[in-house]
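[1] Sharing a model prediction with you, sequence too.
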Amino acid sequence: MPMSTYRHRTVATIALAGALTLFLASCGSDDDSGSGDSDVDLEATLDEGGSLTVWAWEPTLDQVVDDFEAEYPEVEVDLVNAGTGDEHYTALNNAISAGSGVPDAAQIEYFALPEYALQEYVTDLTEFGAEELEGTFTPGPWGSVHQGDAIYGLPMDSGPMAMFYNQEVFDTYDVEVPATWDEYIDAARALQEADPNVYIGSDAGDAGFTTSILWQAGAHPYQVDGTDVTIDFTGEETTRFAETWQQLIDEDLVSDIPGWTDEWYQGLADGTIATLNTGAWMPANLESGVSAASGDWRVAPLPQWEEGGTASAENGGSSLAVPEASENKALAYAFIEYANAGDGVQTRLDQGAFPATSAHLESEEFLSREFEYFGGQQANEIFAESAANVVEGWTYLPFQVYANSIFNDTVGQAYISGTTLNEGLLAWQDASITYGEDQGFTMNQ
Amino acid sequence: MDGLHDEERKDKEQSSSMTTLSETSGQPAAPAVVTDRPPAKRSWIGWGFMGPFMAVFALVFLAPIAYSIYLSLFRDQMVGGTAFVGLENYERAFSDSQFWSALGRVSLFLAVQVPIMLFIALLVALAIDSGRLYGKSFFRITIFLPYAVPAVVATLMWGFMYGTRFGLVGNINDAFGVSLPNPLSPELILASIGNIVTWEFVGYNMLIFYAALRVIPHDLYEAAEIDGASQLRVITAIKIPAIRGALVIATIFSIIGSFQLFNEPSILQNLAPNAITSYFTPNLYAFSLSFSGQQHNYAATVAILMGVITMVIAYVVQLRGMRKAR
């Protein structure tokens, strides 16, 4: 009897140990990259082949991967959607900290790239001759992937800003479509007067939007020189933005429907929200999310701070970067070059992506495309012009991801309480400086 | 030793162990037992049985806690890397107004929402148990049903209803020409979350209470009836004292749940980004520190502090609850 009990227990222990081993094994890395080849001859690398893991949420990459694999049969690309935005960065950071399961290439938005570059999480691509692509991309995105002379990613798409507006609403209430921000406020008042349910736009406090509009206004709240960071939200341009926008908030001229919610889509469809100032990647979202309003919407240049101005800014947009921990960097670079500067670009354009490459932006075929959704308007002309007029010299913080995450704690309070936008921006400045100091940066105001 | 002795010893052992169980100061076991069985062998076999459990317990319970404590003693900077900082993170937490405001918020939530929820749950449990309710199994299942809805889905659903433009609140406003206050405004958001949590967990707590009520012997009710006790008297004198243990357990669960509030505010944040700050609850704060701020070390510190605070409060409630039970 004791013997048999003992045997049972042993069996159980072994079974448990086996189960644990299996469990632990499945947690381990399944990285099976090829040899860590540092050869810069990309053609040879492509012929030799290997396998790549690419983390991206950009939907147009699916087709690019298929085409790429067809052209280079020795290469196998595993495209993984590890989440969108923050979720993706969390997964990426975890993989990098753990030192295993790191992808060979990853999508990184322009605002987040400096953070990865600074921590040397991503590779300087000049090693593979990325500097030769100078002139291939439009200045905004190309500037965004640079840190000094180093290049940390290749621009995948871009978001030159434009004003999307509901022509139907402006016609109904006989209000002029604004060309400057002052006219924008007047139009907002006129629309509200005509119908209290109609708002010129919706803004519940969005870090990406606010930084982009500051960019357009010519403000330089962030100055970054290595680990020496200056944050200053007291500049003339910043104050002008804050005062202008304060009027919209104080007079309840903008609705407080947060972006990307159900109510927001409905508001865009039924005329509650009359304009939307955002990046050129928006059309595909309008077509799918606000299909009911097809034909009502048009595109115009972003309202200006000076009459007759043409200033614009970027909103959103991503690059593809190669993590430092990738074991197949050369091959990864070959892929991102194919996707972002080679044949992949056209493939993605055909699916509605907005390019970051000058040649495609200037091509007749691209410019003359008529958008059914915008009543046959050749909207790309406006986007291309906007791309060419992006104000130069804008920089994001090397910890913009965190700064954006506390935007609503600080600036956002101006939308719901007696705090002014100016005070909110100063609170944001202080909180960002505190964080920067905690992280070891030299912070200046 | 002969058979008779053996029997006797067993009896002795049994009765002595029984006294030990029932009394705090047990009598020492018969010395014969100690000499008869070598203790070393017994403890080895015990560990053998415990081994698999201890291995898993250490791996999934102790190791993560130990690792969190380890993490909380370091600081990882983007510039400068990782350094051992001792208790600096804890010092920082004690003077961190965001952490304390988050703790204050969940404490307020605890003080208001938990009593309401438990009171409703108790009322429903008593109503179902009273036997005077028509279709009691229908009520029991419908009230329990929200608990089966995942918290994420429940919050999304309530989020839609709270909408003042296209949601239920908006519809009521339009239909009756009234203007209800916005449930997602900074003043009301905590109450709105309380409403969701109450909706979710009334059924769960009701079931705990109902189960406890079912085991009360029915002759007690009969005796009370013979003595001429009213229903109210039966409830206050028999039912509630009898389920005190269940009440304490439900209260402890609710305290832990309140301190761990995360899903509901995290999801409603999309709808009310300014009203729900990144430090709205301690858990949300730890989450944003860790995942947006990459401050894993400080996040671990916040998590450990919250764990300790929760444990202390739950323990105090348990002590109080049990003392009254005597």
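    Done, it's in. Residues are numbered from 1 along each chain as shown, chains lettered A, B, ... in the order given.

[2] Please name the nearest non-neighbouring residue to A:P114.
    Excluding the flanking residues, the one nearest A:P114 by CB to CB, 6 or more residues apart in numbering or on different chains is A:P398, at 4.6 Å. C-beta: built from backbone N, CA, C; applies to glycine.

[3] Quick one: classify that neighbour as helix, strand or coil.
    coil (DSSP: H, G, I helix; E, B strand; the rest coil).

[4] Can you read off the pLDDT for it?
    Looking at A:P398, its pLDDT reads 92.

[5] Ok, A:S288 next?
    Confidence score, pLDDT, at A:S288: 85.

[6] Please apply the same query to A:R9.
    For A:R9, the pLDDT comes out at 43.

[7] A:A325 now?
    We note a pLDDT of 93 for A:A325 in this prediction.

[8] so the residue nearest to A:P114 touches A:E115, yeah?
    Yes: contact criterion CB atoms under 8 Å: A:P398 and A:E115 qualify, at 5.4 Å.

[9] Pull out the buried positions in stretch B:311-318.
    B:313-314 (16 or more other CB atoms under 10 Å in any protein chain shown).

[10] re the thing from before, quickly list what's touching both of A:P398 and A:E115.
    Residues touching both A:P398 and A:E115 by CB atoms under 8 Å, 6 or more residues apart in numbering or on different chains: B:M78.

[11] out of these two, which sits in the more crowded spot?
    A:P398 (26 against 23; other CB atoms under 10 Å in any protein chain shown).

[12] mind listing what that one touches?
    By CB under 8 Å, 6+ apart, the contact set of A:P398 is A:114-115, A:117-118, A:224, A:227, A:229, A:441, B:78.

[13] Let me know the closest of those to A:W264.
    A:E115 (28.1 Å; CB to CB).

[14] so which helix or strand takes in that closest one?
    helix A:113-118 (DSSP states H and E).

[15] Then B:Y285?
    According to DSSP H and E, B:Y285 maps onto helix B:282-291.

[16] Tell me which other helices or strands that helix touches.
    With contacts taken as 3 or more CB pairs under 8 Å, 6 or more residues apart in numbering or on different chains; DSSP states H and E, helix B:282-291 sits against helix B:97-129, helix B:263-268, helix B:296-325.

[17] again, 7 Å this time
    Packing partners of helix B:282-291 (3 or more CB pairs under 7 Å, 6 or more residues apart in numbering or on different chains; DSSP states H and E): helix B:97-129, helix B:296-325.

[18] Could you check the first one and say which residues are buried?
    This points to helix B:97-129. B:98-99, B:102-103, B:105-106, B:109-110, B:113-114, B:117-118, B:120-122, B:124-129.

[19] Same question for the last one.
    Neighbour counts using 16+ other CB under 10 Å place B:296-306, B:310, B:313-314, B:321 of helix B:296-325 among the buried residues.

[20] three-state assignment of the most centrally placed residue in chain B?
    Geometric centre of chain B, nearest residue: B:F253, 1.9 Å, by CA atoms, centre = their mean. Secondary structure state of B:F253, per three-state DSSP, is helix.

[21] go on, A:S51?
    strand.

[22] which residues touch stretch A:179-199?
    Stretch A:179-199 is contacted from outside by A:169, A:173, A:175-176, A:178, A:200, A:244, A:247-248, A:253-255, A:271-274, A:303-305, A:307, using CB atoms under 7 Å, 6 or more residues apart in numbering or on different chains.

[23] Mind checking which of those residues land in helices?
    A:169, A:244, A:247-248 (DSSP state H).

[24] Is it possible to get CSV of those that adds neighbour count?
    Formatted as CSV, those follow (neighbours: other CB atoms under 10 Å in any protein chain shown):
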residue, neighbour count
A:V169, 24
A:T244, 18
A:Q247, 16
A:L248, 20
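
[25] where does chain B dip in pLDDT?
    Scanning chain B for pLDDT under 70 picks out the ranges B:1-43, B:324-326.
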